[in-house]
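Q: Take this sequence and fold it.
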Amino acid sequence: MKNDKQTANYKASEYIYDLGNTALENGFKPDEQWEVQMATAAEKKAFEKQYYPTVATNVLPELLNATFALVKAQLNQVIKVQNLIPLDRFAPAPVYQYLVAFSSNRIRR
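A: Below you'll find the model as predicted:
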């Protein structure tokens, strides 16, 4: 039996709660929305340098896709399929570890 804290539903609801708190703390306007993406460690760091606030959480690889889908559904957002064209066809596929949320209107200056 899996630990309840490791289920996709629990992780998604915890993440949505964190997004709500961060939005309140930072005075989000009603028309501001979070953009949520799966990210590698390097991408997470880049998002945190470019946007403030960001909300990131580490998710187990086997739960990441399900958690991402649940978060997008709770935010009433559509999942956009990204077709990445590898520069090197022998390069390993990126290993996504994080869910990262940011508002594209709030760029760090």
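
Q: the longest helix in this structure is where?
A: helix 8-25 (DSSP state H).

Q: Check which residues of that one are buried.
A: Neighbour counts over helix 8-25 (16 or more other Cβ atoms under 10 Å) mark 8, 10-12, 15-16, 19, 22-23 as buried. In this view, the C-beta of every residue, glycine as well, is placed from N, C-alpha and C.

Q: Go through those residues and flag the one the model is least confident about.
A: Of all the buried residues of helix 8-25, residue 8 carries the smallest pLDDT score, 88.

Q: and it, what is it in contact with?
A: Shown in contact with residue 8 (Cβ atoms under 8 Å, 6 or more residues apart in numbering): 63, 66-67, 70.

Q: cool, residue 69 as well?
A: Taking Cβ under 8 Å, 6+ apart as the criterion, residue 69 is in contact with residue 79.

Q: if I look at the closest residue to residue 94 other than its chain neighbours, how far off is residue 96?
A: Of all residues not flanking residue 94 in the chain, residue 40 sits nearest, at 5.1 Å (Cβ to Cβ, 6 or more residues apart in numbering). Applying Cβ to Cβ, to the nearest Å, the value for residue 40 to residue 96 is 6 Å.
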